[in-house]
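A.B. asks: What follows is a predicted structure for the sequence shown.
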Amino acid sequence: MFGNLGAMEIILIVLVILILFGAKKIPELAQGVGKGMREFKKALNDVQEEVKNADKIDDKK
């Protein structure tokens, strides 16, 4: 994920985020990102299941 970024760049990014959002908002921000990722993965799995089910139905015809 951060293959091209060195330690200093990551530290700088974290400091900028701390300055912009403040220490109290970061847990809320992380929680929102986590919820978004979970919803995306759930939707992706639902679509994959629908495709598998459609393939099974087509195979029966």
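C.D. replies: Nice, thanks for sending it over.

A.B. asks: from here on, contacts and neighbour counts on C-alpha atoms
C.D. replies: Will do.

A.B. asks: which residues in this structure form helices?
C.D. replies: 7-21, 26-60 (DSSP state H).

A.B. asks: okay if I get those as CSV plus mean neighbour count and mean pLDDT?
C.D. replies: Shown next, in CSV, are the helices of the chain (neighbours: other C-alpha atoms under 10 Å; pLDDT from 0 to 100):
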stretch, mean neighbour count, mean pLDDT
helix 7-21, 11, 88
helix 26-60, 11, 88
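
A.B. asks: Quick check, central residue of the protein?
C.D. replies: Central residue of the chain (C-alpha atoms, centre = their mean): residue 37, 3.4 Å from the mean position.

A.B. asks: And it, how far from residue 17?
C.D. replies: Per C-alpha to C-alpha, to the nearest Å, residue 37 is found 20 Å from residue 17.

A.B. asks: Then residue 36?
C.D. replies: Counting by C-alpha to C-alpha, the gap from residue 36 to residue 17 is 19 Å.

A.B. asks: Could you do residue 8 as well?
C.D. replies: Residue 8 sits 14 Å away from residue 17 when distances are taken as C-alpha to C-alpha.

A.B. asks: If anything else comes up later, I'll come back, but that's it for now.
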